[in-house]
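>>> using only what follows, build the 3D model:
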Amino acid sequence: MRNKANLVLIGMPGSGKTTIGKLISDKINMKLFSIDDYIQNKEGKTINDIFKFGEDYFRKLESKAVEDISKETGLIIDTGGGVIKNPRNIENLKKNGFIVFINRPIDHILSDIDVLSRPLLKDGKEKLYDLFKERYNIYKNSCDYELMNDSDLEVVLDRLTKAIEH
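As a prediction, the model looks like this:
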């Protein structure tokens, strides 16, 4: 990871950040930390309930969580899909982290997520395509490594393990 203390996972909702985070955590013996779980625990509300106060409100909580957790070391940080919307979040995460963009084809995402369970996707699957267009270049420009999540999870984990060992 080029002497970085944290492994940071970014990508679209449904790209595999949480799943890959859990699997790589076991494999490399690092603790998994979820920004969304942290926010939910701190606020005592679900992400969906927090979003009822508006996306801007959620993004402020997210930025504070990123600021707090990016000071820690030895973590795999599972971020929300929109963390890249605030450039300051990426600055904070890069100070102490190796950022991996988990790039998963939209059709793969749509095949196995419940779009309605995601606050920003409640308007249907077309919203996912819109978010992808809006965010793709930001993900690419924010990462240290792009991990294609387009095949068997063992293959994907092997790619990631090799990337972080160098």
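>>> quick one, what contacts Met30?
Met30 makes contacts with Leu7, Ile24, Gly74, Leu75, Ile76, as judged by Cβ atoms under 8 Å, 6 or more residues apart in numbering. The way it works is simple: take the backbone N, C-alpha and C, and place the C-beta from them, glycine included.
>>> so which bits of the helix or strand bottoming out on mean pLDDT in the chain are buried?
Here the helix or strand of the chain ranked lowest by mean pLDDT, DSSP states H and E is helix 106-112, holding a mean of 82. Neighbour counts using 16 or more other Cβ atoms under 10 Å place Ile106, Ile109 of helix 106-112 among the buried residues.
>>> now do stretch 131-143
In stretch 131-143, the ones that count as buried by 16+ other Cβ under 10 Å are Leu131, Phe132, Arg135, Ile138, Tyr139, Ser142, Cys143.
>>> stretch 36-48 now?
In stretch 36-48, counting by 16+ other Cβ under 10 Å, buried: Asp36, Tyr38, Ile39, Gln40, Ile47.
>>> tell me the bridge partners for Glu146.
Beta-bridge pairing for Glu146 (DSSP bridges): Phe101.
>>> buried by neighbour count, from the contacts of Met30: which ones?
Buried among the contacts of Met30 by 16+ other Cβ under 10 Å: Leu7, Ile24, Leu75, Ile76.
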